[in-house]
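Participant: What follows is a protein structure lacking sequence information:
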């Protein structure tokens, strides 16, 4: 097994007044030559947006963009006609494909919204742009993996890549294994809350650990914890 550890306090930081963002990988004004991506995982941003503020309309192309609100609500609008609000327990995905314009704003004027913005490099280029969001039950992730993003239709929101996102809420001392879906896949674990032991490392909130060349990965919750597992191909070619 190979691994790479990204501590929370080693992430890039962007402060724009209305936006406070932590970048696990190189993004915008933050550049780190050893943090360009983890396999097909290109961006993992931990964004906090002030009340009533947000990202004005802007374009994307040939990227799978996932948003996961951790607190607050995010108002979405795009040129495909989608006008939606995503809340805690929702997961949103846009397959940008041939091109899409969208905006994302804090839906509340009096409270902050905190969400994860994650980009995955696509399996197929220039597909027709698409949008999907879904609400997931917290009860269905207690001490088990809950699949929220998947290339298998009907199992989470659909993604144009051999990638899976799973959430789990762990009780202290619970052990939870994860088995990759195929050889050549890598696992990126991102701790949302609490503390876990995995692959010989102790991870706290907002720490990230990437592992590959493995058959199984087992987490041990050192406290009550919330975690996100992102499984992606480590080597791939887009047509």
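Facilitator: Now that the structure is in, tell me what you want to look at. Small disclaimer: the values here were computed from a predicted structure and weren't measured.

Participant: confidence score at the spatially most central residue of the chain?
Facilitator: What sits nearest the mean C-alpha location of the chain, by C-alpha atoms, centre = their mean, is residue 118, with 4.3 Å. Here, the pLDDT recorded for residue 118 equals 98.

Participant: Wasn't it part of a strand?
Facilitator: Yes. Residue 118 forms part of a strand when assessed by DSSP: H, G, I helix; E, B strand; the rest coil.

Participant: In contact with it, which residues?
Facilitator: Neighbouring residues of residue 118 by C-beta atoms under 8 Å, 6 or more residues apart in numbering: 41, 43-45, 65-68, 165, 230. To be clear about C-beta, it is placed using only N, CA and C from the backbone, and glycine gets the same treatment.

Participant: mind running it again at 10 Å?
Facilitator: Counting by C-beta atoms under 10 Å, 6 or more residues apart in numbering, residue 118 makes contact with 24-25, 41-46, 64-68, 93, 149, 163, 165, 188, 190, 228, 230.

Participant: Kindly report the same for residue 4.
Facilitator: Contacts for residue 4 (C-beta under 10 Å, 6+ apart) come out as 34-35, 38, 186, 188, 208-212.

Participant: Let's have these in CSV, adding neighbour count and distance to residue 129.
Facilitator: Formatted as CSV, these follow (neighbours: other C-beta atoms under 10 Å; distance: C-beta to C-beta, whole Å):
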residue, neighbour count, distance to residue 129
34, 7, 32
35, 19, 28
38, 22, 25
186, 23, 27
188, 23, 25
208, 23, 29
209, 22, 33
210, 22, 29
211, 21, 32
212, 20, 30
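
Participant: In strands, which of these appear?
Facilitator: Residues of the contacts of residue 4 located in strands (DSSP state E): 186, 188, 208-212.

Participant: Let me have those in JSON lines, adding distance to residue 82 and pLDDT as columns.
Facilitator: Shown next, in JSON lines, are the ones in strands among the contacts of residue 4 (distance: C-beta to C-beta, whole Å; pLDDT from 0 to 100):
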{"residue": "186", "distance to residue 82": "31", "pLDDT": "98"}
{"residue": "188", "distance to residue 82": "28", "pLDDT": "98"}
{"residue": "208", "distance to residue 82": "30", "pLDDT": "98"}
{"residue": "209", "distance to residue 82": "34", "pLDDT": "98"}
{"residue": "210", "distance to residue 82": "32", "pLDDT": "98"}
{"residue": "211", "distance to residue 82": "35", "pLDDT": "98"}
{"residue": "212", "distance to residue 82": "35", "pLDDT": "98"}
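
Participant: Figure out how far stretch 110-120 is from the centre of its chain.
Facilitator: Distance of stretch 110-120 from the chain centroid (C-alpha atoms, centre = their mean, to the nearest Å) equals 10 Å.

Participant: All set, thanks.
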